[in-house]
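A.B. asks: Generate coordinates for the sequence data below:
(chains A and B)
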Amino acid sequence: MTPAGLERLRIQAPVLSISAGAWILVAMEATGMALPAFCSTGALWTAPSASLDLVLALNPPGSLAAGWALMLAAMMAPLLIVPVRHIRDRCLPRGRARVVALFVAGYATSWMVAGAMLLALAIAMRLAVPRAWLPLSAAALPALVWQISPAKQICLNRCHLQPELAAFGLAADVDALHFGLTHGIWCVGSCWALMLLPLLVPHGHVATMAAVALWLFSERLERPTSPRWIWRGPGKAIRIVAARAGMRPRHR
Amino acid sequence: MQYIREDVWELGNDWAAPILWYARGVAAMKSRALAVPTSWRFYGAIHGIDRPLWKALGYLSAADPLPRSADVKRFWQQCQHGSWYFLPWHRGYLLAFEANIRDAVIKLGGPKDWALPYWNYFKPNQFKLPPAFASPNWPDGKGNNPLFVPQRYGPNSDGKVYVPVDQINLDAMSDPDFTGVSSGGSPGFGGIDTGFEHGGSTHGGIETQPHDWVHGLVGGENPKPPHLPGLMSDPDTAGLDPIFWLHHANIDRLWQVWRQNPLTDIDPTDANWLKGPGSVGERIFSMPMPGNVPWNYTPADMVDLAKLGYSYDDLSPATAGLIASLRLERLGASAAAANVTEGAPAMASGKNVELVGANRKALPISGDQVSTSVQLDAGMRNKVSASLAAAATSGTPDRVFLNLENVRGLSDATAFHVYVALPEGANPANYPDRLAGSIALFGVRKASLADGEHAGKGLTFVLEITKIVDALHLGNAFDVNTLDVRIVPTKPVPKRAKITIGRVSIFRQGG
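C.D. replies: As a prediction, the model looks like this:
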């Protein structure tokens, strides 16, 4: 393995382990092997329709927040391999754990705020349109438009930014937190529409989460490019899998 | 058929047969329309193209029919920079270009064994642009010499084109590893492990020096507004200048010299390098050959120059920058030095790369020089000192690297020298031993675009300052809280160039 490959592995191993652990908890909850607080975002559909009080009673905010956080850990951790490596590489060795934690805290803050809005939207849609598949259908169209929009590309591009970071003292902590917050904001911008979909499926919540997570991860493999209206799919990921399977490489 | 690439300055005369035939071949390629894959401009676009810049420089007009979109997708914007594919991709690019020129030469009645000359600016009195490239006329005095381009401004942007030999070096030749790391330590001789990388952020050793430097200083910048770059200065126009190919033949020759040195390491044996980016689902390396036939290649196809039918007339060893035994001797580790193979280059890189210190805020570069203070972490500085002090027992003291991170700006023709620990008010010219290296910002404009492939993070340069730190340590001058870093541009940098260094940092690499 190359020296750079070893450095990548040093970050990939723990980050992917965290993601795998979160997925196990999500799966356990889905099969009734864990406390319902885990990933309760999938339980929005367990409540009878047309009653906000009842929805909130069955899914208290704390439970929803915990579920959302677990969902983030499972789905988003793999997306953080590159920025975490950047922040770890560019700080003093004795401060690595602290700045990585601050970066993750900033990133999580952005997504928790976004999660509150997305969950509120999902609940509102659930109450307004009680029929099982209608909310999902209603969310699919804006998700599709966002997917092909230049705005989505701008967000994706910003997710690849690796800024300069202060090395010492409070400035280092502030930079790490700021990097996490801004990275999180651009990540929300890139992913929000797709992240809404698992919240709205009446059945197959975990499977939808997995599909969306794979989609988001493969999007991040693509290089930044000029913003324009264009279809964005998991093309590169498919090519990588095909190449690994020994299929003939293509030109792009 | 065996092809021998020869030194352009040792062909016998300014317009010796290989150069004259090269000019005729270039003229033939230039006569073809852009849409033809074997045309001159198409080959330039394989390296890179920025359509507004090409239009501004007069290389693209609205009347030009563009190539088929399949050809554009397959061939254009392919050059590999900031990547371990830098050397093998450019070797294939040279071979394909040369085959097209040779095809034209043969059709014109020229020699079947024609080969591209190289420009070895390191040799005494060979630093000037070869005369056949500097004249607008053919040898009979008639104009339209295809080797001449007006957009070549030189190191002072005054039209005098040469390579300042005191500003280039072969330090990279002493790097024992082909590939390295992007985390602040050595990026290796050939660059870091990447996928298909059309302009990566961290340049490898031989790419930084002399490759980038020669590009930036030969091309220069038009002194007249709007200060367009010389063709060689920008990756998106470099392939349009006929001297580009002789420069890259020299870089390719240096790779061969490095490979033939039994004391340096060998090319990567990793499957991802050998099989190229196509093996992991990315673009493949592909060139249009005579008859517009595509030729696909991988780095594995490029490693054996003799098998490819090529050799150079001079592969004599280059001067190594950092000799392991001499370093250990200097550090008082004579016994350890005796165990090192004579002439062996710098000791292998350690696995641990750690930040030792950094400056506090972004550094704008303008005017004739700027300085910044790199604050050192006491613990890490002591770790480096301890490693140097223990050289006698370990035999592997730390290597130390200065990083210029997130370098952004608008002018690829910017170049500067970087000095470390100069006394206050000292004239840098009097302290060549404190010169960390010289940087040319080849590719910086594109790397600074927020919606470009770099996402606006700019370029990062890594300069080995082991020798300087060794000297400071031996002079008891390393036990300090800060080290001054002075940036001395080759010519004053205007504010409009908007050059900034995001962070200046120092890393150790060792056990």
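A.B. asks: Any regions of the stretch 201-350 of chain B where pLDDT drops low?
C.D. replies: B:262-265, B:319-323, B:336-349 (pLDDT under 70).
A.B. asks: how about the helices in it?
C.D. replies: Secondary structure of the stretch 201-350 of chain B, counting by DSSP state H, counting those that start in this stretch: helices at B:205-206, B:213-219, B:243-260, B:271-274, B:299-302, B:324-330, B:334-338.
A.B. asks: Pick the most deeply packed of those.
C.D. replies: helix B:213-219 (a mean of 28; mean count of other C-beta atoms under 10 Å in any protein chain shown). In short, each C-beta sits where N, CA and C put it, glycine included.
A.B. asks: which residues touch it?
C.D. replies: Helix B:213-219 has contacts (C-beta atoms under 8 Å, 6 or more residues apart in numbering or on different chains) with B:121, B:129, B:151-155, B:161, B:163-164, B:167-168, B:229-234, B:238, B:241, B:243, B:247, B:412-415, B:438-442, B:490.
A.B. asks: same question, stretch B:101-111
C.D. replies: Taking C-beta under 8 Å, 6+ apart as the rule, stretch B:101-111 contacts B:17, B:21-22, B:24-26, B:28-29, B:112, B:114-116, B:290.
A.B. asks: rerun that using 7 Å as the cut-off
C.D. replies: For stretch B:101-111, contacts defined as C-beta atoms under 7 Å, 6 or more residues apart in numbering or on different chains pick out B:21, B:22, B:24, B:25, B:26, B:28, B:29, B:112, B:114, B:290.
A.B. asks: quick check, nearest of those residues to chain A?
C.D. replies: residue B:290 (20.3 Å; C-beta to the nearest C-beta).
A.B. asks: ok so, going back, out of the contacts of stretch B:101-111, grab the one that's most surrounded.
C.D. replies: In terms of neighbours by other C-beta atoms under 10 Å in any protein chain shown, those top out with residue B:22 at 29 neighbours.
A.B. asks: contacting residues around it?
C.D. replies: B:101, B:116.
A.B. asks: For residue A:194, find the nearest of the helices of the stretch 201-350 of chain B.
C.D. replies: helix B:271-274 (30.1 Å; C-beta to C-beta).
A.B. asks: Now do that closest one: distance to the chain's middle.
C.D. replies: Put simply, helix B:271-274 sits 22 Å off its chain's centre (C-alpha atoms, centre = their mean, to the nearest Å).
A.B. asks: what about the helices in the stretch 51-200 of chain A?
C.D. replies: Using DSSP H, counting those that start in this stretch, the helices of the stretch 51-200 of chain A run over A:52-58, A:61-76, A:81-89, A:96-128, A:134-148, A:150-158, A:169-200.
A.B. asks: can I get the helices of the stretch 201-350 of chain B in a markdown table with distance to residue B:314?
C.D. replies: As requested, the helices of the stretch 201-350 of chain B are exported to a markdown table (distance: least, C-beta to C-beta, whole Å):
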| stretch | distance to residue B:314 |
| --- | --- |
| helix B:205-206 | 17 |
| helix B:213-219 | 18 |
| helix B:243-260 | 8 |
| helix B:271-274 | 27 |
| helix B:299-302 | 20 |
| helix B:324-330 | 25 |
| helix B:334-338 | 31 |
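A.B. asks: For the stretch 151-252 of chain A, what lies in contact range of chain B?
C.D. replies: A:154, A:157-158, A:160-164, A:166-168, A:223-224, A:226-227, A:236, A:239-240, A:242-243, A:249, A:251-252 (C-beta under 7 Å from any C-beta of the partner chain).
A.B. asks: Filter those down to the buried ones and hand me the PyMOL line.
C.D. replies: For anyone working in PyMOL, the buried entries among those, judged by 16 or more other C-beta atoms under 10 Å in any protein chain shown, can be selected with:
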select buried, chain A and resi 154+157+158+160+161+162+163+164+166+167+168+223+224+227+236+239+240+243+249
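A.B. asks: Among the contacts of helix B:213-219, which ones are in strands?
C.D. replies: Residues of the contacts of helix B:213-219 located in strands (DSSP state E): B:415, B:438, B:439, B:440.
A.B. asks: Show me which of the residues you listed is closest to residue A:110.
C.D. replies: Using C-beta to C-beta, these come closest to residue A:110 at residue B:439, 35.7 Å.
A.B. asks: Give the full set of residues in contact with the nearest residue to residue A:157 once chain neighbours are set aside.
C.D. replies: Excluding its sequence neighbours, the residue lying closest to residue A:157 (C-beta to C-beta, 6 or more residues apart in numbering or on different chains) is residue A:224, at 4.0 Å. Residues in contact with residue A:224, defined by C-beta under 7 Å, 6+ apart, are A:156, A:157, A:160, B:451, B:452, B:453, B:455.
A.B. asks: For the third one, which non-adjacent residue is spatially closest?
C.D. replies: If you skip the residues right next to it in sequence, residue A:160 has residue B:455 as its closest partner in space, 3.7 Å away by C-beta to C-beta, 6+ apart.
A.B. asks: From what I see, that neighbour and residue A:157 are in contact.
C.D. replies: Yes. Here residue B:455 reaches residue A:157: they are 5.2 Å apart, a contact under C-beta atoms under 7 Å.
A.B. asks: measure residue B:246 to chain A for me?
C.D. replies: Per C-beta to the nearest C-beta, to the nearest Å, residue B:246 is found 29 Å from chain A.
A.B. asks: Smallest gap between the stretch 51-200 of chain A and chain B, at which residue?
C.D. replies: residue A:164 (3.2 Å).
A.B. asks: and that residue, what is it in contact with?
C.D. replies: Shown in contact with residue A:164 (C-beta under 7 Å, 6+ apart): B:362, B:405, B:406, B:502, B:503.
A.B. asks: what are the phi and psi values for it?
C.D. replies: Torsion angles at residue A:164 (phi, psi; degrees, to the nearest 10) stand at phi -70, psi 150.
A.B. asks: so which helix or strand takes in the residue nearest to it when sequence neighbours are not counted?
C.D. replies: Distances taken as C-beta to C-beta, 6+ apart put residue B:502 closest to residue A:164, at 3.2 Å, once the chain neighbours are dropped. Residue B:502 belongs to strand B:499-510 when elements are defined using DSSP states H and E.
A.B. asks: picking that back up, who touches the residue nearest to residue A:160 in this structure?
C.D. replies: A:157, A:158, A:160, A:161, A:224.
A.B. asks: Could you dump those into CSV with pLDDT added?
C.D. replies: Below are those laid out as CSV (pLDDT from 0 to 100):
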residue, pLDDT
A:157, 96
A:158, 96
A:160, 94
A:161, 94
A:224, 92
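A.B. asks: Report pLDDT for the residue positioned nearest the centre of chain A.
C.D. replies: Among the residues of chain A, the one closest to the centroid is residue A:76, at 3.5 Å (C-alpha atoms, centre = their mean). For residue A:76, the pLDDT comes out at 96.
A.B. asks: residues touching it, list them.
C.D. replies: If you count contacts by C-beta under 7 Å, 6+ apart, residue A:76 has them with residue A:111.
A.B. asks: low-scoring stretches of the chain, by residue?
C.D. replies: Here I'm looking at chain A. Ranges of chain A meeting pLDDT under 70: A:31-52, A:55, A:130-132, A:247-252.
A.B. asks: Chain B is the one I meant
C.D. replies: If you take pLDDT under 70 as the line, chain B has these spans: B:262-265, B:319-323, B:336-349.
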